[in-house]
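A.B. asks: sequence first, then the predicted structure:
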Amino acid sequence: MRNHPIVIIGAGQAGLQTAEALRAEGWQGDLILLGDEPYAPYHRPPLSKAYLLGESTVEQLTMRGPEALERKAITLRKSSRVMRIDPAEKTLHFSHGSSLPYHRLVLATGARARQLPGADLHGVFQLRTLEDCTRISEAMATAHNIAVIGGGFIGLEFAAVARKKGKSVTVIEAANRLMARAVSAEVSEIYARLHTEQGVVLRLGSSVAGFTSTGGKVSGVTLSDGSSVSADLIVMGIGILPNQELAEAAGISCASGVIIDSGGRTSDPFIFACGDCTATRLENGDFRRLESVQNAIEQAKSCAASIMNRERPFTAAPWFWSDQYDVKLQMVGTSRGHERTAIRGDTTAYKCSIFYFAGEQLIGIDSLNRPQDHMAGRRLLDQRVAVTPQQAADESFLLNQLFQRDGVSA
Ligand SMILES: Cc1cc2nc3c(=O)[nH]c(=O)nc-3n(C[C@H](O)[C@H](O)[C@H](O)COP(=O)(O)OP(=O)(O)OC[C@H]3O[C@@H](n4cnc5c(N)ncnc54)[C@H](O)[C@@H]3O)c2cc1C
């Protein structure tokens, strides 16, 4: 039914981007963006960085105000939780009993933070939403000893903020190095040094056995080796779970995420998906789930193009960033499977880039406080321009020369 709206479930990064991209692609019909949070779409990354530190405002978090949405004729319905999709009737059902038909449906439902059993104690938090961030901020005002469970990006960014606020901080990580899922051992090592220098106590290779409490309020964490860490505030950053239950109940194929192709198509020809809730099938049959702003934006654009019958696969090398203290980590490509590295700059000064090679081929670059290397790296990887480890390690060699020599405009 062409006169029905395109409906997007999830008013986050991917949902808003899909709506805007649909307008850019020429969709002139009704466009409805449904979000279960009481806010207009907002940026999540500052929740563990500048916003939590008090260095930015709620207005700066907001992606688009009402006028911007109105200009693009995007109808935002806040606090609207979709309970069920009826794919045969092409209709959505809400908790309050009403329903909404759709012409095409986009799932941009994101993800939620993983929890540990017992985490419902007073003083134990997760960090996914603006509401979580507000609660943590309030609790942090009176907290002294903070335990962070999980030494991944969110846990470590939070630890950095808590140290800047003068709190005593212990990070408990089950793996034997930091950010192990995403970065190389070299980068883990650099970040272990950085956090230790800043006064964070790192408990690597330590799993949580349970929480202790007094009067319903958390008082600490017990570890599987029998030791304990006392804490009056705990933040868990132990990964996310994709919000795929709506899709599963509607009979749409899911793995760890709603399965999509490179154009955001699901197993239902009228339903598309993008962002943190998705898993992309790779050529070798594996699934890839990316949890990043770039992925949400790029998949959303691909989704909108597919809905409008245009091919626009997301092929760029994946990139990500993380701010901890005064060090900005920017990553592009992957370090997984590398055989050798080349280091450009000074690791002890936290101003360096690590280039990863598999054979002769560059596969990824992690840059610390070297944004120029990161930007050049994105171009090198996207345009498949060759660089040698010697060139990469030589600071007097300008990476941008490579584009000129290959006849690609610099
Ligand atoms: C603290 C934090 C820091 C981060 N830092 C970085 C960073 O530095 N760099 C980076 O690249 N990425 C970062 N990320 C990840 C990035 O924010 C996410 O990858 C991105 O927000 C994903 O967008 P999304 O639209 O898929 O999901 P979301 O932004 O989670 O939006 C999904 C929305 O759908 C809503 N929803 C779910 N189910 C329903 C339903 N049934 N009905 C209605 N609405 C529903 C959810 O409540 C949510 O509002 C960070 C994330 C967090 C939480």
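C.D. replies: Alright, I've got the coordinates.
A.B. asks: in the chain, where is pLDDT below threshold?
C.D. replies: Scanning the chain for pLDDT under 70 picks out 1-2, 405-410.
A.B. asks: show me which residues of it sit near the ligand.
C.D. replies: Residues of the chain found near the ligand (Cβ under 6 Å from any ligand atom) are 9-15, 34-37, 44-45, 47-48, 81-82, 108-111, 127-128, 154, 243, 246, 275-277, 291-294, 296, 320-322. In short, each C-beta sits where N, CA and C put it, glycine included.
A.B. asks: among those, name the buried ones.
C.D. replies: 9-15, 34-37, 44-45, 47-48, 82, 108-111, 127-128, 154, 243, 246, 275-277, 291-294, 296, 320-322 (16 or more other Cβ atoms under 10 Å).
A.B. asks: just these: which are in strands?
C.D. replies: 9, 34, 82, 111, 320-322 (DSSP state E).
A.B. asks: I'd like to know which elements the longest helix belonging to the chain is packed against.
C.D. replies: Counting residues, the longest helix found in the chain (DSSP state H) is helix 293-307. If you count contacts as 3 or more Cβ pairs under 8 Å, 6 or more residues apart in numbering; DSSP states H and E, helix 293-307 packs onto helix 13-24, strand 104-107, strand 271-273.
A.B. asks: now the ones you listed in a markdown table, with distance to residue 390?
C.D. replies: Output for the helices and strands packed on helix 293-307, formatted as a markdown table (distance: least, Cβ to Cβ, whole Å):
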| stretch | distance to residue 390 |
| --- | --- |
| helix 13-24 | 39 |
| strand 104-107 | 47 |
| strand 271-273 | 44 |
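A.B. asks: out of the ones you listed, which gets nearest to residue 69?
C.D. replies: Across the helices and strands packed on helix 293-307, residue 69 has its closest neighbour in helix 13-24 (8.2 Å, Cβ to Cβ).
A.B. asks: got the contact list for that closest one?
C.D. replies: With contact meaning Cβ atoms under 8 Å, 6 or more residues apart in numbering, helix 13-24 is reached by 6, 8-9, 31, 33, 35, 41, 43-44, 63-64, 72-74, 106, 108, 110, 272, 274-276, 293, 296-297, 299-301, 303-305, 307-308.
A.B. asks: which among these end up buried?
C.D. replies: 6, 8-9, 31, 33, 35, 41, 43-44, 63-64, 74, 106, 108, 110, 272, 274-276, 293, 296-297, 299-301, 303-305, 307-308.
A.B. asks: would you confirm that residue 180 contacts residue 188?
C.D. replies: Yes - using Cβ atoms under 8 Å, residue 180 is in contact with residue 188, at 6.4 Å.
A.B. asks: more crowded one of these two?
C.D. replies: Per other Cβ atoms under 10 Å, whichever of residue 180 and residue 188 has more neighbours is residue 188, with 20 against 16.
A.B. asks: distance of residue 69 from residue 358?
C.D. replies: 45 Å (Cβ to Cβ, to the nearest Å).
A.B. asks: how is this structure divided into domains?
C.D. replies: According to automatic domain parsing, the chain comprises the domains 6-112+241-307, 115-236, 326-405.
A.B. asks: which residue does the stretch 251-400 of the chain have closest to the ligand?
C.D. replies: Nearest residue of the stretch 251-400 of the chain to the ligand (Cβ to the nearest ligand atom) works out as residue 275 at 2.2 Å.
A.B. asks: on that earlier part again, pick out whichever of residue 69 and residue 358 has more residues nearby.
C.D. replies: Neighbour totals were compared for residue 69 and residue 358, and residue 69 leads with 21 against 15 (other Cβ under 10 Å).
A.B. asks: for this protein, which segments count as helices?
C.D. replies: Here the chain has its helices, by DSSP H, at 13-24, 50-53, 58-61, 66-71, 130-140, 153-164, 185-197, 245-249, 293-307, 371-382, 389-393, 401-405.
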